[in-house]
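**Student:** predicted model, plus sequence, below.
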Amino acid sequence: MLRFRPFFRPAAAAACALAALSVLPTQAQDMPEGSSELARRAVHVCAACHGEAGRSPSSDYPSLAGQPAQYTARQLLDFRAQQRAESDSKAYMWGVSALLDDATIQSLAAYYAAQTPAPGRTKAPAALLRTGQRLFEQGLPERGVRACASCHGERAEGAAGFPRLAGQHAAYLERQMQLFGTRLRPHGVLMKAEVAGLNRAQTRAVAAYLQSL
């Protein structure tokens, strides 16, 4: 399994990824028609962290299966421009994305959008899930927090530029909601206001509920 430590510099990560892309067998025969050989090989590199067909087995990495293509493409472009910069992934993602042209990014985004997400799962207490569901569906109007469903869909399935959250790892979602309060997620303008109105317990509840969907 390919893993790269977060202290790698982007240039070093890019060199490792380039070597992998040059020797790995072609993968993902259901890539969109017209996808390049680079795009087909890149899926294998992505699978090292994000799992086969984008169904991540680890909360260290997000699942990509079923993500709207527009959203996935935007994230890859942000990594390539070194605008998205959370410390646990920036070195490797900056390096890998530097190797991808616009056409390859679009092919990867379309591929993952077409994959079937893993089913939701959770061991969270029922009371925590009820709290998370209420926040997801209703928000906290008194604090200016809108319902998550208003952007992410009634079942958190995502749409256009808004990501799919259903079935995503709760721990990963918690980390990202914390990052939206920083400069590391520059295009999360809407989310900055939403997460500011939630305390840690409420953030945890929403994340647990989303993983269960």
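**Tutor:** Good, I have the coordinates.

**Student:** doesn't residue 86 belong to a strand?
**Tutor:** No - counting by DSSP: H, G, I helix; E, B strand; the rest coil, residue 86 is not found in a strand; it is coil.

**Student:** what about it, distance to residue 102?
**Tutor:** Here the criterion is C-beta to C-beta, to the nearest Å. By it, residue 86 lies 23 Å from residue 102. Heads up, the C-betas are built off the backbone N, CA and C, glycines and all.

**Student:** with residue 112 instead?
**Tutor:** In terms of C-beta to C-beta, residue 112 sits 16 Å off from residue 102.

**Student:** returning to that earlier point: of residue 86 and residue 102, who's got more company?
**Tutor:** Higher neighbour count among residue 86 and residue 102: residue 86, with 15 against 11, using other C-beta atoms under 10 Å.

**Student:** now do the helices in this protein.
**Tutor:** Ranges of helices in the chain, per DSSP state H, are 10-23, 37-50, 69-80, 90-97, 102-113, 126-138, 149-152, 170-179, 189-196, 200-212.

**Student:** pick the most buried one from those helices.
**Tutor:** helix 90-97 (a mean of 23; mean count of other C-beta atoms under 10 Å).

**Student:** OK, contacts around the closest residue to residue 165 other than its chain neighbours?
**Tutor:** For residue 165, ignoring the flanking residues on the chain, the nearest one in space by C-beta to C-beta, 6 or more residues apart in numbering is residue 156 at 4.1 Å. By C-beta atoms under 8 Å, 6 or more residues apart in numbering, the contact set of residue 156 is 136, 148-149, 164-166, 210, 213.

**Student:** now do the contacts for the residue most central in space within the chain.
**Tutor:** Residue closest to the average C-alpha location in the chain (C-alpha atoms, centre = their mean): residue 62, at 4.5 Å. Neighbouring residues of residue 62 by C-beta under 8 Å, 6+ apart: 50, 56, 168-169, 172.

**Student:** how about low-confidence regions in this protein?
**Tutor:** For the chain, the stretches flagged by pLDDT under 70 are 1-30, 87, 186-189.

**Student:** tell me the domain ranges of this protein?
**Tutor:** 10-113, 126-212 (automatic domain parsing).

**Student:** turn the ones you listed into CSV, including distance to residue 119.
**Tutor:** Shown next, in CSV, are the domains of the chain (distance: least, C-beta to C-beta, whole Å):
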stretch, distance to residue 119
domain 10-113, 10
domain 126-212, 7
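
**Student:** got CSV for the helices of the chain, with distance to residue 160 too?
**Tutor:** Shown next, in CSV, are those (distance: least, C-beta to C-beta, whole Å):
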stretch, distance to residue 160
helix 10-23, 29
helix 37-50, 21
helix 69-80, 5
helix 90-97, 21
helix 102-113, 11
helix 126-138, 19
helix 149-152, 10
helix 170-179, 18
helix 189-196, 13
helix 200-212, 18
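
**Student:** what's the closest of those helices to residue 120?
**Tutor:** The closest of the helices of the chain to residue 120 is helix 200-212. By C-beta to C-beta, the value is 4.8 Å.

**Student:** about what we covered before: looking at the contacts of residue 156, which is nearest residue 195?
**Tutor:** Set against residue 195, the nearest of the contacts of residue 156 by C-beta to C-beta is residue 148 (10.8 Å).

**Student:** contacts only, for the nearest residue to the closest one once chain neighbours are set aside.
**Tutor:** Excluding the flanking residues, the one nearest residue 148 by C-beta to C-beta, 6+ apart is residue 136, at 4.5 Å. Residue 136 makes contact with 147-149, 156, 206, 209-210, according to C-beta under 8 Å, 6+ apart.

**Student:** if anything else comes up later, I'll come back, but that's it for now.
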